[in-house]
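Undergrad: Sequence unavailable; structure follows:
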C-alpha cells in the first residue's frame, strides 16, 4: 500500500511536469514570440491552454495532499527547509494563472492586454525557474541536519549555481515540450513553421544546457550527478532518452508533428526516471551523508488504507471526465 | 511583530481573500446553469447572453480562487509545519476528497467554458450543473477539515510523549462539528453570493439599463437567496447550541459573557473590557442566552472567568465579529421574507422600494461570511487543534515571516484591486450592448 501511494505521488508529479509543464512552457515561449504573428501566437496559446490548464494544474495539489496525508514528516521537512523557493514558485503560479485568465476574459481588449501578456510570460518563466531551483537543490540535497544559522539552513541549499542551472535547464525543456504541442495544434502553415523553429531552438538550447548540467555537476562533486553517471539503469534511461532525440529530429524533418509531442514527452519521462532511480529512496539528502527516506515517513496503516481508497475512488471519478476533456479539446480537434 | 503573529496574520489575509472567491466559484455556476437551462428550454437569446455574462464572472473568480487556494494548501505547511505533520494524516481525508471534487469542477468548467458548439447541449448543460455540484461538495469537505480543528476526533493524544495514536481518518472526517459547520457555510455561500448578484442587477434595473435582461437575471437568482437566507438563522441556531456544548469558551467570547450564571442574558452590541471582565454600553436581554444556547431560560452558561487566562480566546474581536455576522444574517433573513411576501402576493418587486434595499445589501453577505470565519478562527485561539495543540507550537521554525506577510498582503491587495476593476469593466460593457 505504501508503494502504491508513493507511485501515485510520483505519477502526479510526472503528470504535472508533462501537462502543466507544457502550459508553463507556453508562457515561456510567449516571451520569445518575436515580431511576426504576435496575435496569432497568443491566440493559439490561449486556445490550447484555456480549457485544460486548470485541470492540469491540479496534479500539483494532488501531490501536496498525498505528501501531507501519506508522508507527513517528509512534507514537514520539505516545507520548512524549502520555504523560500516554494513561496517564490507559488507567487509565480498566482501571477501566471490570474494574468492568463484576465487576458482572456477582460471585457475591454485594450492596452491592458499587453500588461497581462507581460505578466503571464514573465511569471511563467519565474515559476519554472523556481520549480527547477527546487528540483536542483533537492538533487544536491545540502540540508544541514542540525544547522541553526539562517543562511546555512534556509538559503545555502538552493542559492547556488547548480540549482539555478537546473532552473534554466527546466525552462528550456518545458519551452521545447510546449513547442512540440503547439506545432501540432497550429492551424496555419506559417504558424506551424514558426513553432517548428521555436521547437528546434529550444531543443538545441536544452541539449546544451543538459550537457552543462552533467559536466558542471560532475566537476563540482554533486553526489547525485556522479551516481547518475555510474548507475547502469539511470544511464540506460538516459541513453534511451537521447536516442529519442533522433526520432524527434526525424519527425521535425518529415513534418510529422503529431508524433513529436509524444516523443518529447517520452524523453522528459525518461530523464525523470533516470533521476528517480538515483534519488530513490531519499526525499532529499542531509549535508554530510544520509538522507530522509520517503517510505520511512509513511503515515500509520489506517491512514494508508483510507488514502488508498480515496485515491482509487478519486481516480475512478476523475479519469473518465479528464480523458473526455482531453479528447474534445486535444485529440478530436 | 513576532513570527507567530505574522504567520497568523498572513493566514488570515489569505483566507479572507480566498473565501470570497471560493463562495462565488461554488455558487455562481448554479445561476449560470439555471440560465443556460432557460435558454435551452425557451431559446431566448437573452438567457444565452446572461449565461455567457455570468460564465465570464465564474471563469475569472474560479481562476483566482483556484490559484489562491493552491497557495493556501501550501501555506498550511509553510506556516504551520508542526501542525501539518501531526494533523495531516488525521484530517487529510476531507482534503483528499476535496481535491477530487475540485478536480472534477475544473474539468467540468473547462468543458462548459469552451464547449459551445463542440459538445451536445445536453452534455454542455450537464457540465454546467457539475461545476456547481462539485463546487459545493468540495466546499463541504474543506469545511469539515476545519471542523476537525474545532472538534478533534479520530485519534488518541498523549500529552506526555506528544504522540498521536490510533488514528481513524474516517472518524476525524465525520467529527461532531462537520455537519453544522458545513451546513452553515454552504448556506452562507449561497446567501452571500446571491444577494451580491441581486444587488448588482437591482442597480442596473434602477438605472434603467437593459431592464428586461436584468429582471430575468434577478428572477433566476432570487429563489436561491430567499431559501438560503431564510434557512440560515436556523442553521446558526444549530451551530450556537453545538458550540455551547463543545466549545463553551468560544461561545462565551462570542457573547462577551465573562461570568458563569443561570438565566444568562443575551448581550447585544457593547464593547468588552477584557481586563475588568465586563461589557460597556451593551443591551442585555435577560435569560435569552441561556435559552438560545440550551433551550432553557434558566440554564447555566459558563463564563470566561471559569477558564484559565491563557486558554481564553480574544474577546473583543470575537464578540464584534459575531455581532456583525448575526446582525447581517438577521437583516438578510428579513429581506428574504419581504421578497417572499411580494412573490406570494404576486406584486412586482421591480417597482418597489425593496429593490433599492437590495442595492445597499450587495456587500453585506460577504461581510457576514468574513465575520463568521473570524468568529470560528479567532474564537478557537489559542488552540490550532482545540485542547490538543496550541497555535504557538505549530508555527514554522523559519524566522522572518513578517517579510512574507508584507509581500503577501501587497499581492492580495493588488489582486483584489485588479479583480474589482475587471468586474467594473465587465458590467460596463454589458450595459452598453
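TA: Great, that's in hand. A quick note: this is a predicted structure, and the numbers were derived from the prediction, not measured.

Undergrad: rest of the way, CA atoms for contacts and neighbours
TA: Will do.

Undergrad: Can you report how many residues neighbour the nearest residue to residue B:243 once chain neighbours are set aside?
TA: Spatially, and ignoring its direct neighbours in sequence, residue B:243 is nearest to residue B:251 (6.2 Å; CA to CA, 6 or more residues apart in numbering or on different chains). Residue B:251 has 30 neighbours, counted by other CA atoms under 10 Å in any protein chain shown.

Undergrad: For residue B:251, give me the pLDDT.
TA: On the pLDDT scale, residue B:251 is placed at 92.

Undergrad: One more: residue A:204?
TA: 91.

Undergrad: I'd like to know how far it sits from residue B:62.
TA: Using CA to CA, to the nearest Å, one gets 38 Å for the distance from residue A:204 to residue B:62.

Undergrad: the more surrounded of those two?
TA: residue B:62 (27 against 15).

Undergrad: Chain neighbours aside, what residue packs nearest to that one?
TA: Computed as CA to CA, 6+ apart, the closest residue to residue B:62 that is not its neighbour in sequence is residue B:25, at 5.0 Å.

Undergrad: one step back: in terms of contact, does the residue nearest to residue B:243 touch residue B:239 like I think?
TA: No: Residue B:251 is not in contact with residue B:239 according to CA atoms under 8 Å; the separation is 10.3 Å.

Undergrad: need the next SSE after the longest helix seen in chain A, C-terminal direction.
TA: For chain A, the longest helix by residue count, based on DSSP state H, is helix A:189-219. Sequence order places helix A:223-230 as the next helix or strand after helix A:189-219, per DSSP states H and E.

Undergrad: What are the boundaries of the strands in the chain?
TA: Since you didn't name a chain, this refers to chain A. A:282-285, A:291-293 (DSSP state E).

Undergrad: my question was about chain B
TA: Using DSSP E, the strands assigned to chain B run over residues B:156-158, B:163-165, B:261-262, B:266-268, B:271-273, B:278-280, B:283-285, B:300-301, B:383-385, B:389-390.

Undergrad: What sits closest to the residue in the stretch 301-433 of chain B that chain A sits nearest to if chain neighbours are left out?
TA: In the stretch 301-433 of chain B, no residue comes nearer to chain A than residue B:426, which is 5.1 Å away by CA to the nearest CA. Leaving aside its sequence neighbours, residue B:426 sits nearest to residue A:107 (CA to CA, 6+ apart; 5.1 Å).

Undergrad: How many residues are close by that neighbour?
TA: 19.

Undergrad: Just the pLDDT at it, thanks.
TA: On the pLDDT scale, residue A:107 is placed at 80.

Undergrad: Make CSV out of the strands of chain A and add mean neighbour count and distance to residue A:138.
TA: Output for those, formatted as CSV (neighbours: other CA atoms under 10 Å in any protein chain shown; distance: least, CA to CA, whole Å):
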stretch, mean neighbour count, distance to residue A:138
strand A:282-285, 22, 5
strand A:291-293, 17, 11
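
Undergrad: where does chain B have low pLDDT?
TA: Filtered on pLDDT under 70, chain B yields the residue ranges B:432-433.

Undergrad: longest helix of it?
TA: Longest helix in chain B by number of residues, with DSSP H as the criterion: helix B:3-42.

Undergrad: So which elements touch that helix?
TA: helix B:45-79, helix B:121-150, helix B:178-206, helix B:211-246, helix B:364-378, helix B:401-432 (3 or more CA pairs under 8 Å, 6 or more residues apart in numbering or on different chains; DSSP states H and E).

Undergrad: Pull the contacting residues for the residue of the stretch 301-433 of chain B closest to chain A.
TA: Contact analysis of residue B:426 by CA atoms under 8 Å, 6 or more residues apart in numbering or on different chains lists A:106-108.

Undergrad: Show me what from the stretch 251-400 of chain B comes close to chain A.
TA: Residues of the stretch 251-400 of chain B lying close to chain A by CA under 8 Å from any CA of the partner chain are B:396-399.

Undergrad: re earlier: how much space separates the residue of the stretch 301-433 of chain B closest to chain A from residue B:30?
TA: With distances taken as CA to CA, residue B:426 is found 20 Å from residue B:30.

Undergrad: tally of neighbours for residue A:66?
TA: 27.

Undergrad: same check, this time on residue B:350
TA: Burial of residue B:350 is recorded as 15 neighbouring residues (other CA under 10 Å).

Undergrad: Same check on residue A:231?
TA: Neighbours of residue A:231 using other CA under 10 Å come to 14.

Undergrad: now do residue B:278
TA: As a burial measure, residue B:278 scores 15 neighbours (other CA under 10 Å).

Undergrad: same deal with residue B:207?
TA: By other CA under 10 Å, the residues close to residue B:207 number 10.

Undergrad: now swap in residue A:220 and tell me
TA: A count of neighbours around residue A:220, defined by other CA under 10 Å, yields 12.

Undergrad: Now do the longest helix of chain B against helix B:121-150, angle only.
TA: Per axes from the mean of the first three to the mean of the last three CA atoms, to 10 degrees, the angle that helix B:3-42 makes with helix B:121-150 is 150 degrees.

Undergrad: Just give me how far helix B:3-42 sits from the chain centre.
TA: A distance of 9 Å separates the centroid of the chain from that of helix B:3-42, by CA atoms, centre = their mean, to the nearest Å.

Undergrad: For it, list every residue counted as buried.
TA: Buried positions in helix B:3-42, judged by neighbour count with 16 or more other CA atoms under 10 Å in any protein chain shown: B:3-4, B:6-40.

Undergrad: Tell me the spacing between residue A:94 and residue B:211.
TA: For residue A:94, the distance to residue B:211 (CA to CA) stands at 37 Å.

Undergrad: brain fart, residue A:326
TA: Distance from residue A:326 to residue B:211, counting by CA to CA: 40 Å.

Undergrad: Which residues are in contact with the nearest residue to residue B:106 once chain neighbours are set aside?
TA: Distances taken as CA to CA, 6+ apart put residue A:55 closest to residue B:106, at 5.2 Å, once the chain neighbours are dropped. With contact set as CA under 8 Å, 6+ apart, residue A:55 has these partners: A:322, B:103, B:106-107, B:110.

Undergrad: Recalculate using a threshold of 10 Å.
TA: By CA atoms under 10 Å, 6 or more residues apart in numbering or on different chains, residue A:55 lies in contact with A:19-20, A:322, A:325, B:102-110.

Undergrad: Repeat that for residue A:74.
TA: Counting by CA under 10 Å, 6+ apart, residue A:74 makes contact with A:67-68, A:80, A:282-284, A:292-298, B:85.

Undergrad: Show the pLDDT at it.
TA: At residue A:74, the model reports a pLDDT of 92.

Undergrad: how near is it to residue A:293?
TA: Going from residue A:74 to residue A:293 by CA to CA gives 8 Å.

Undergrad: Now do the shared contacts for the two.
TA: Shared contacts of residue A:74 and residue A:293, defined by CA under 10 Å, 6+ apart, are found at A:282-284.

Undergrad: want to throw those into JSON lines with distance to residue B:151 and pLDDT?
TA: JSON lines is the format used below for the shared contacts of residue A:74 and residue A:293 (distance: CA to CA, whole Å; pLDDT from 0 to 100):
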{"residue": "A:282", "distance to residue B:151": "36", "pLDDT": "86"}
{"residue": "A:283", "distance to residue B:151": "33", "pLDDT": "84"}
{"residue": "A:284", "distance to residue B:151": "35", "pLDDT": "85"}
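
Undergrad: Please consider this matter closed, and thank you.
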